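Visitor: Generate a structure from the sequence data that follows.
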Amino acid sequence: MNTNVVKPSSNPLNRDWTISKRSKKSVFNITGSMKTNVTSPEVVCDSDNDLNRKEKEKMNTTVVKPSSNTLNRDGTFLKKSEKSVFNITGSVKTNATSREEVCDSDNDLNRKEKNIDDDNCNIQLLWSDFRDNTTMHGLKNANLKQRHRLRCCIWAAALIAMGCFLIYITYEQVSNYFKYPTIINTHVQTETSVKFPAVTLCSASPLKKEFLPNILNLEYFFLSQSVIGWMYPPLNLSKSEYSKYHLPLNASWVNDTANQIEDLFLFCKFDGKDRDCEISMEPIVTHVGVCYTFNSRKYVSKNGHIMTSRTGSTSGLLLYLIVNQSNYVFNGVMAAGVKVIIHDQNDEPDIIDKGFFVSPGFSTFASIFKTEYRYLPSPYKMNGDQFCVDTKSPDYKNPLQYYDVYSKTACRMECKQNNVIRLCGCRSPYDKGNETICSLVKLTECYKVESERFDQNGTAQEQCLCPTECEYDEYQARLSTGYFPAKNYQAVFNQMGITNIRETYLELAIYFESLGVLKVEQKPEYSFEDIIGLLGGQMGLFLGASLLTLTELIEVILLSYLVVGRKFYHRIVKNSLNCRY
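Guide: Have a look, this model is predicted:
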């Protein structure tokens with residue numbers, strides 16, 4: 001008889017007398033030619049199975065190697081590799097499979113079902129690994145498997161509360177970002193040289209008395225329509241002798257009745273150098289008549305910008321102007337002098353609402369200061385809920401019909417003109433366009449009335465839809481005056497035969513008081529980088545996390561989706577096989 005050798009097992013016994021940790025090892029029984037497989041992982045140690053020593057001596061030599069694997073509560077081995085069991089007793093060989101053996105006869109699952117169980121286990125392992133190793137603070141403490149459940153609940157509540165705060169604050173910040181808030185940055189920048197602005201000058205009397213057409217009582221007609229017209233009875237224009245008042249004015253009315261350059265300018269200088277006034281001054285037609293512009297857009301397009309690098313009253317523009325009050329015509333202004341408007345070349349001069357007056361007998365010094373405005377185009381807003389128009393964009397098209405360059409002033413002028421023409425059926429001789437020119441009667445009874453009504457009606461002005469340019473320049477002037485000329489100079493002029501100097505002449509000096517430019521720039525309150533920084537700061541404050549923590553979370557979610565997808569794929573394959581067979 002062969003001697004039986006049984007190696008002791010290091011695994012403990014369960015209460016049902018089964019070995020709890022067992023691996024599948026190879027068993028060799030060499031007794032003859034007949035081969036029988038013996039399964040070694042589950043050895044039952046019941047008392048009824050106590051073999052006597054003689055029977056053991058009759059048995060073949062059996063070698064059982066200890067196993068280090070444990071059994072689950074349901075009787076299955078955890079993660080075992082497949083081993084082969086060979087019992088050599090004859091010519092018949094039978095292999096026993098040892099991967100995840102089930103100890104219960106009722107728990108015989110097929111391989112696909114085991115893969116599905118593995119998928120569920122893998123998801124749990126993924127999330128357990130994320131919970132224990134993530135860089136997010138506190139998540140590993142919210143573990144239900146720990147001894148103190150109260151501690152787990154406290155940490156879970158804290159995480160939920162901090163997560164809710166983070167979501168709320170992130171939502172508020174992102175919502176505020178998409179409202180496109182802005183801030184205004186104001187600073188003064190000193191330049192080595194500054195572009196000199198355009199200067200428009202208009203006489204207080206746009207019409208020259210001696211150039212008026214030969215129309216009966218025309219001067220009295222203008223007096224009745226002037227500021228003091230309420231003191232004089234109007235003409236009875238229904239009479240036949242006033243028939244010319246009902247005829248449309250000629251297109252030549254503007255140039256025939258306007259003041260000429262020599263009627264307004266006596267002497268011109270710039271930066272201490274003499275200039276020809278006829279070359280430097282460009283005539284333009286405005287709503288109050290013909291005016292003259294120094295350094296106009298047309299002049300700049302031909303000769304380039306006039307730059308100045310000097311400051312003070314001895315530099316800049318110096319003009320000696322003529323105020324010939326003997327040729328004044330009654331109008332809406334009782335003052336004598338010249339209206340001065342300092343503006344950018346791309347902006348139309350607003351004669352009525354902007355500028356300042358200079359009077360004869362005075363020297364007027366205007367020290368100017370330049371301000372540059374730079375606003376952001378849509379979707380950013382300026383001045384509340386208004387959008388500016390980006391005239392510098394290559395895709396921008398000027399919507400104005402009568403002005404070459406868009407500006408808010410030009411847009412308002414064109415809108416007002418179109419509105420009055422629509423109501424009166426005619427235009428002023430100073431308006432642009434090809435419509436019929438109004439008669440004197442129409443000008444006073446309709447055109448003038450509707451123009452004043454438009455200026456006083458804010459609702460009508462809002463319908464013009466004239467947004468502000470995103471980039472424009474303005475010039476502010478500070479004035480100081482003195483008598484012109486001094487008495488000693490007046491005596492010299494009198495000896496030269498020049499009289500009535502105080503009633504006829506004035507001096508105007510326009511210059512930069514400094515080369516500093518005030519820049520008003522609109523900037524976004526939040527940039528994309530700011531939002532990322534705020535998000536990272538809030539995550540670190542509430543959860544102790546960073547943007548890399550989001551990467552970890554995304555990784556776990558993607559891997560979980562892959563596991564779930566594989567599970568459903570196996571289920572679909574299984575169903576298709578069942579339907580086929």
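Visitor: tally of neighbours for Leu440?
Guide: As a burial measure, Leu440 scores 20 neighbours (other C-beta atoms under 10 Å). C-beta coordinates here come from the backbone N, C-alpha and C atoms, glycine included.
Visitor: Now for the residue nearest to it when sequence neighbours are not counted: which residues touch it?
Guide: Residue nearest to Leu440 in three dimensions, not counting chain neighbours: Tyr245, with 4.6 Å by C-beta to C-beta, 6 or more residues apart in numbering. By C-beta atoms under 8 Å, 6 or more residues apart in numbering, Tyr245 lies in contact with 215, 221, 235, 237, 439-441.
Visitor: Distance from stretch 368-380 to the middle of the chain?
Guide: With C-alpha atoms, centre = their mean, to the nearest Å as the basis, stretch 368-380 stands 15 Å off its chain's centre.
Visitor: longest strand in this protein, by residue count?
Guide: strand 505-524 (DSSP state E).
Visitor: is it true that Gly516 touches Thr192?
Guide: No. Judged on C-beta atoms under 8 Å, Gly516 makes no contact with Thr192 at a distance of 11.4 Å.
Visitor: Looking at those two, which one has more neighbours?
Guide: Gly516 (16 against 7).
Visitor: beta partners of the more buried one?
Guide: In this entry, Gly516 is beta-bridged to Thr190, by DSSP bridges.
Visitor: tell me the angle the helix or strand just after the longest strand of the chain makes with strand 505-524.
Guide: The C-terminal neighbour of strand 505-524 among helices and strands, as given by DSSP states H and E, is helix 528-543. Angle between the axes of helix 528-543 and strand 505-524 is 40 degrees (criterion: axes from the mean of the first three to the mean of the last three C-alpha atoms, to 10 degrees).
Visitor: Which residues in helix 528-543 does the neighbour count mark as buried?
Guide: Going by neighbour count (16 or more other C-beta atoms under 10 Å), the buried part of helix 528-543 is 534-536, 538-539, 542-543.
Visitor: ditto for stretch 143-157
Guide: By neighbour count on 16+ other C-beta under 10 Å, the buried set for stretch 143-157 is 152, 155-156.
Visitor: what sits up against it?
Guide: For stretch 143-157, the external contacting residues (C-beta under 8 Å, 6+ apart) are 131-132, 138, 141-142.
Visitor: how about those, which pair is most distant?
Guide: Farthest pair in the contacts of stretch 143-157 (C-beta to C-beta) is Asp132 and Gly138. Separation: 12.3 Å.
Visitor: more crowded one of the two?
Guide: Between Asp132 and Gly138, counted using other C-beta under 10 Å, the more crowded position is Gly138 (15 against 10).
Visitor: contacting residues around that one?
Guide: Gly138 touches 155, 158-159, 543-544, counting by C-beta under 8 Å, 6+ apart.
Visitor: Same check on Pro283?
Guide: Pro283 makes contact with 258, 261, 290-292, according to C-beta under 8 Å, 6+ apart.
Visitor: Can you tell me how far the nearest residue to Val405 once chain neighbours are set aside is from Arg374?
Guide: With C-beta to C-beta, 6+ apart as the criterion, Val405 has its nearest non-adjacent residue at 4.9 Å, and that residue is Asn346. Distance from Asn346 to Arg374, counting by C-beta to C-beta, to the nearest Å: 14 Å.
Visitor: Please identify which of those two sits among more neighbours.
Guide: Asn346 (18 against 15).
Visitor: and the more buried one, which of the three is it?
Guide: Using DSSP: H, G, I helix; E, B strand; the rest coil, the three-state assignment for Asn346 comes out as coil.
Visitor: Same question for Pro377.
Guide: Of the three states, Pro377 takes coil according to three-state DSSP.
Visitor: what's the closest non-adjacent residue to it?
Guide: Spatial nearest neighbour of Pro377, excluding adjacent residues (C-beta to C-beta, 6+ apart): Asp390 at 4.1 Å.
Visitor: Just list the residues touching that neighbour, thanks.
Guide: 377-378, 396, 470.
Visitor: Next one, pLDDT for it please.
Guide: The model reports Asp390 with a pLDDT of 93.
Visitor: cool, and Tyr483?
Guide: We have a pLDDT of 92 for Tyr483.
Visitor: now do Asn214
Guide: Listed pLDDT for Asn214 reads 89.
Visitor: what's it sitting at in phi/psi?
Guide: Backbone dihedrals for Asn214, given as degrees, to the nearest 10, come out at phi -80, psi 80.
Visitor: Run through the chain and note the low-pLDDT ranges.
Guide: 1-121, 142, 144-147, 580-581 (pLDDT under 70).
Visitor: Tell me how far Asn295 lies from Ile306.
Guide: Distance from Asn295 to Ile306, by C-beta to C-beta: 5 Å.
Visitor: Overlap in contacts, those two.
Guide: Contacts common to Asn295 and Ile306, judged by C-beta under 8 Å, 6+ apart, are Phe196.
Visitor: neighbour-wise, which of these two wins?
Guide: When Asn295 and Ile306 are compared for neighbours, Asn295 comes out ahead with 21 against 17, by other C-beta under 10 Å.
Visitor: Correct me if wrong: Tyr328 contacts Ser205.
Guide: Yes. Judged on C-beta under 8 Å, Tyr328 makes contact with Ser205 at a distance of 4.0 Å.
Visitor: So if I had to pick from these two, which one is more boxed in?
Guide: Ser205 (22 against 18).
Visitor: Pull the contacting residues for that one.
Guide: 259, 327-329, 331.
Visitor: phi, psi of it?
Guide: Dihedral angles for Ser205 - degrees, to the nearest 10 - are phi -120, psi 100.
Visitor: That one and Asn259: what is the separation?
Guide: Using C-beta to C-beta, Ser205 is found at 8 Å from Asn259.
Visitor: ditto for Val290
Guide: 7 Å.
Visitor: what do the two both touch?
Guide: Pro206.
Visitor: now the strands for the stretch 201-350 of the chain?
Guide: 265-270, 273-275, 281-286, 289-294, 307-308, 317-322, 338-343 (DSSP state E, counting those that start in this stretch).
Visitor: possible to save those strands as JSON lines with distance to Tyr489?
Guide: As requested, the strands of the stretch 201-350 of the chain are exported to JSON lines (distance: least, C-beta to C-beta, whole Å):
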{"stretch": "strand 265-270", "distance to Tyr489": "14"}
{"stretch": "strand 273-275", "distance to Tyr489": "19"}
{"stretch": "strand 281-286", "distance to Tyr489": "25"}
{"stretch": "strand 289-294", "distance to Tyr489": "25"}
{"stretch": "strand 307-308", "distance to Tyr489": "28"}
{"stretch": "strand 317-322", "distance to Tyr489": "12"}
{"stretch": "strand 338-343", "distance to Tyr489": "21"}
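Visitor: right, so of these, which gets closest to Thr409?
Guide: strand 338-343 (8.3 Å).
Visitor: Report the angle between the closest one and strand 505-524.
Guide: 30 degrees.
Visitor: which outside residues touch strand 338-343?
Guide: Under C-beta under 8 Å, 6+ apart, the answer for strand 338-343 is 197-204, 264, 288, 321, 323, 349-351, 354-358, 366, 368, 474-475, 477, 506, 508, 510.
Visitor: Check the offset of that strand from the chain's centre.
Guide: Worked out by C-alpha atoms, centre = their mean, strand 338-343 lies 37 Å from the chain centre.
Visitor: Now do the buried residues in whatever helix or strand comes next after that strand.
Guide: Remark: after strand 338-343, the chain's next helix or strand is strand 356-358, criterion DSSP H and E. Residues of strand 356-358 classed as buried: Val358 (neighbour count, 16+ other C-beta under 10 Å).
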